[in-house]
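[1] Here is the input, now give the coordinates:
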Amino acid sequence: MVGSKWKKVMAAGLCGLLAAGIFAGCGGSKASAGGNKLKIGIVQIVQHPALDDANKGFVDAVNKSDMKDKVDFDQQNAQGDQSNLQSIANRFVSGNYNLICAISTPAAQSMANATDKIPIICTAIADFETAKLMKSEKAPDGNVTGTQDRGPLDKQVALIKEIQPNAKKIGIIYNSSEINSVIQAKRLRAQCEPLGMEVIELTVNSVNDVQQVAEGFLGGKVDAIFVPTDNIIASSIPTLMSVANKEKIPVYGAEAGHVKNGVLASESISFYDIGYRAGEMAVEVLKGNKTIKDFPVEGAGKSKLYINKGEVETLGIKIPQSVLDRAEMI
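    Next up, the predicted model:
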């Protein structure tokens, strides 16, 4: 009799546990749909001003929306290491993140290779098509879209000619492993050749190469140097400037962060703005109002001229008044 009662008690307890489990499961499902915060993974290839600005713009856009209290950000920096990117990608995918923000081409490629399900909003990408992130920037065909960082190279070259009318040889230094840098070198040649300007290319593999390789520009081999939005070079601007200033070679940058770190001038887009726009896209996707395919790749709508006052003095160069009138001095 005792055994029978005990069995009944055990059966009732088991049913109670099962019921509790079922209801807890239902409650958990409901909470994940409405109560738990959405997870946004943000991955940046390396830390430097342009990518930092894009990152800040993305986060600000999300936080200024009504999604602010509904999301958690997981900020990751790969420190320029491809294996770190892979580890971060695996973490985001295994963690079932709701959306990924990839900042820079290497970061975007690693995330896209890791998942075709999680929405990926990218920013600071030179060319989505060349990077094999999609077939057409006008019509994203997968789980990737975002904003590109193509600056006005025509204005950059015109600026060089305006400051240095006699410039004939333009040096460019970049990491040949970064597809975005290869694209910029190609576009620079296309802009310079019709003007009778020769482009001298030097490439590096790491930050440790920059000083020695940059010395290849010395000895009158170039009249000016152009720095693309290359992650290795952006992290090594002071090193590059220490070489260029030996022979007072003017250095022009692709973005304002380069000027802040020492180059002479740049006709720059705002990386904060393209990051912000990427954040706005992310909000719409997270809300379910739009899908990735609803967003063609977008770029910056305007650019601004920046000049480094200290470098002007270092070079002893005279900047035309027409340039000064439209420039912001840093």
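
[2] Would you map the helices across the stretch 201-330 of the chain?
    210-214, 231-234, 237-244, 256-260, 271-287, 309-315, 321-324 (DSSP state H, counting those that start in this stretch).

[3] for the fifth one, packing partners?
    On a contact count with 3 or more CB pairs under 8 Å, 6 or more residues apart in numbering; DSSP states H and E, helix 271-287 meets strand 38-44, helix 49-63, strand 99-103, strand 120-125, strand 144-148. (Glycine included, C-beta is placed from N, CA and C.)

[4] CSV please, covering these and showing mean neighbour count, mean pLDDT and distance to Gln164.
    Output for those, formatted as CSV (neighbours: other CB atoms under 10 Å; pLDDT from 0 to 100; distance: least, CB to CB, whole Å):
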stretch, mean neighbour count, mean pLDDT, distance to Gln164
strand 38-44, 22, 98, 34
helix 49-63, 22, 96, 24
strand 99-103, 29, 98, 33
strand 120-125, 30, 97, 29
strand 144-148, 27, 98, 29
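
[5] Now that we have those, can you turn them into JSON lines and tack on distance to Val297?
    Output for these, formatted as JSON lines (distance: least, CB to CB, whole Å):
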{"stretch": "strand 38-44", "distance to Val297": "19"}
{"stretch": "helix 49-63", "distance to Val297": "14"}
{"stretch": "strand 99-103", "distance to Val297": "13"}
{"stretch": "strand 120-125", "distance to Val297": "8"}
{"stretch": "strand 144-148", "distance to Val297": "6"}
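
[6] quick one, which of the ones you listed is nearest to Ile179?
    strand 120-125 (9.7 Å; CB to CB).

[7] on that earlier part again, please identify which of the helices and strands packed on helix 271-287 is closest to Met241.
    Among the helices and strands packed on helix 271-287, helix 49-63 sits nearest to Met241 (CB to CB), with 14.7 Å.

[8] quick one: least confident helix or strand in this protein?
    Least confident element among the helices and strands of the chain, by mean pLDDT, DSSP states H and E: helix 2-34 (a mean of 37).

[9] Local confidence estimate at Pro296?
    Predicted confidence (pLDDT) for Pro296: 98.

[10] wait, is Arg91 part of a helix?
    Yes - counting by DSSP: H, G, I helix; E, B strand; the rest coil, one finds Arg91 located in a helix.

[11] Now do it against Gln75, distance only.
    12 Å (CB to CB, to the nearest Å).

[12] Neighbour count: those two, which is higher?
    Using other CB atoms under 10 Å as the criterion, Arg91 and Gln75 rank with Arg91 on top: 15 against 12.

[13] For Arg189, see how far away the more buried one is.
    40 Å.

[14] how many other residues sit next to Val297?
    21.

[15] residue contacts, Pro238?
    261-262 (CB atoms under 8 Å, 6 or more residues apart in numbering).

[16] same question, Val213
    173, 202-204.

[17] and if you look at Asn180?
    104-105, 125-127, 131, 228-230.

[18] Same list (those) but as a markdown table, adding distance to Asn143.
    As requested, the contacts of Asn180 are arranged in a markdown table below (distance: CB to CB, whole Å):
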| residue | distance to Asn143 |
| --- | --- |
| Ser104 | 18 |
| Thr105 | 17 |
| Ile125 | 15 |
| Ala126 | 20 |
| Asp127 | 18 |
| Ala131 | 15 |
| Pro228 | 28 |
| Thr229 | 24 |
| Asp230 | 27 |
